[in-house]
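**Student:** Got a sequence here, can you build the structure:
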Amino acid sequence: MLNRDDKLRQGGLIRIFDLVPMNDHRIQGYIFVGCEIHGPAILGFGGTWSITNCDLGVPSLDAIFWEVPPTRQEVVGPIMVIDCTFDHCTFRGVGFAGPPFFIEWMRRNSHDLETTSSN
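**Tutor:** Below is the predicted model of the structure:
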């Protein structure tokens, strides 16, 4: 059984949706180290967060970015990731939504993030 109160996840396969509480759309305060993060999911980021040394599991960054105009007041659908860290994780079937500055940050820092084909 999945324990949502255990905020440190080391290794193993995680279906990110399983961490989302009922009647909510966010996960908060998790630290993921060496995990395989599975979707299908679109993640939006808030608060303080970190994505380092991760494999995004795609041949092209364009395949996973969902740009949200900064003028949009609300976004329905993505799982909001708040105050979370992802280190040495592999993402499979996961997209990333955010305003242009977030997408640009992901592109600029892609040297720390790997893009590979997912088999």
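**Student:** Which strand residues bridge the most centrally placed residue in the chain?
**Tutor:** By C-alpha atoms, centre = their mean, the chain has its centre lying nearest to L43, at 4.8 Å. According to DSSP bridges, the partner residues bridging L43 are I79, F96.
**Student:** isn't it right next to G77, touching?
**Tutor:** No - when contacts are counted by C-beta atoms under 8 Å, L43 is not listed as touching G77 (10.7 Å). To be clear about C-beta, it is placed using only N, CA and C from the backbone, and glycine gets the same treatment.
**Student:** what comes into contact with stretch 41-50?
**Tutor:** Applying C-beta atoms under 8 Å, 6 or more residues apart in numbering, the external contacts of stretch 41-50 come out as 16-17, 26, 28, 66, 68, 75, 77-87, 93-98, 102.
**Student:** Give me the pLDDT value at L113.
**Tutor:** For L113, the model assigns a pLDDT of 65.
**Student:** my bad, G44
**Tutor:** Reading off the model, G44 has pLDDT 94.
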